[in-house]
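In: From the sequence below, what's the structure:
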Amino acid sequence: MPFGLCNAPATFERMMDNLLRHFKWTMCLCYLDDIIVFSETFEDHLIRLRLVLKCLQEAGLKLNSKKCLFAAQEVKILGHLVSSNGVRPDPDKIKAVRNFPTPKNIHDIRSFLGLCSYFRRFIKGFCYLAEPLQSLLKSGVEFHWGPEEVEAFNSLKKALTSDPVLGMYDERASTEIHTDASGYGIGAVLVQIQNNVEKVIAYASRTLTKAEKELFHHRKGMSCHRMGYQQISAVHIRKTLYCCN
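Out: This is a model prediction of the structure:
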């Protein structure tokens, strides 16, 4: 497929989805030309790997052996490190957050928040921590850098550079979404009980719009549940969830 065409990524992704439709989410994950084959045992891994490779071979696709990694305990993909222990941000990406200089203008604020937002599912109450910085982006607000902004800036850095780890979603485990609402924002946490231990799978939060701030508390709670389902659906939930507010 030629480079530069605006529809090339979508066309290629559609082709890969169709090609691996029988294997996705059960033995492999795929995003464009990144394919991860996962399993619980080495023996199962060899079987699954053979099936996926055969599928690619029959489709006439070729792999670059220099870019392949086989039977790894930990893999790096899309800015994350994935292992049997869970998912955590790629240290190389977090280094950019740690070394981000003190913002001098609105452009710097946008750049910093954009960098942090990519990993917001690792940060509990992200919207609350980022609120002083988000407020600077509102129309008509003049840039200023005071104690509240400094605290928010350092808190976001600390939250991401403390090596946060999220658990891996297990379809067999008991699953709950815990939600909370305030006058400023709403939040949700996806948790599972795995081996009698409660593990956080993902965090989600956002600020309320001006109209949403006028809602009664139970309506805000409903917004929490809806936001939880929408933003945490990336873990491919396919079961009944129990919501706690």
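In: Show me which positions of the longest helix that the chain contains end up buried.
Out: In the chain, taking DSSP state H as the definition, the longest helix is helix 42-58. Residues of helix 42-58 classed as buried: 45, 48-49, 51-52, 55-56 (neighbour count, 16 or more other CB atoms under 10 Å). Bear in mind the C-beta positions are built from the backbone N, C-alpha and C, glycine included.
In: okay, these in TSV with distance to Glu142 and pLDDT next?
Out: Output for the buried residues of helix 42-58, formatted as TSV (distance: CB to CB, whole Å; pLDDT from 0 to 100):
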residue	distance to Glu142	pLDDT
His45	57	94
Arg48	57	95
Leu49	57	95
Leu51	60	96
Val52	55	95
Cys55	58	95
Leu56	56	94
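In: closest to Glu13 among these?
Out: Of all the buried residues of helix 42-58, Leu56 has the smallest distance to Glu13: 15.1 Å, by CB to CB.
In: can you tell me which residues contact the closest one?
Out: 19, 63 (CB atoms under 8 Å, 6 or more residues apart in numbering).
In: Could you check how far Tyr165 is from Ser139?
Out: Wrong residue type there; residue 165 is Val, not Tyr. Going from Val165 to Ser139 by CB to CB, to the nearest Å gives 38 Å.
In: I should have written Asp44 there, sorry.
Out: 55 Å.
In: for Glu212, same thing?
Out: 19 Å.
In: need the buried residues of helix 42-58 in JSON lines with distance to Pro132, can you?
Out: Formatted as JSON lines, these follow (distance: CB to CB, whole Å):
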{"residue": "His45", "distance to Pro132": "47"}
{"residue": "Arg48", "distance to Pro132": "47"}
{"residue": "Leu49", "distance to Pro132": "48"}
{"residue": "Leu51", "distance to Pro132": "51"}
{"residue": "Val52", "distance to Pro132": "47"}
{"residue": "Cys55", "distance to Pro132": "50"}
{"residue": "Leu56", "distance to Pro132": "49"}
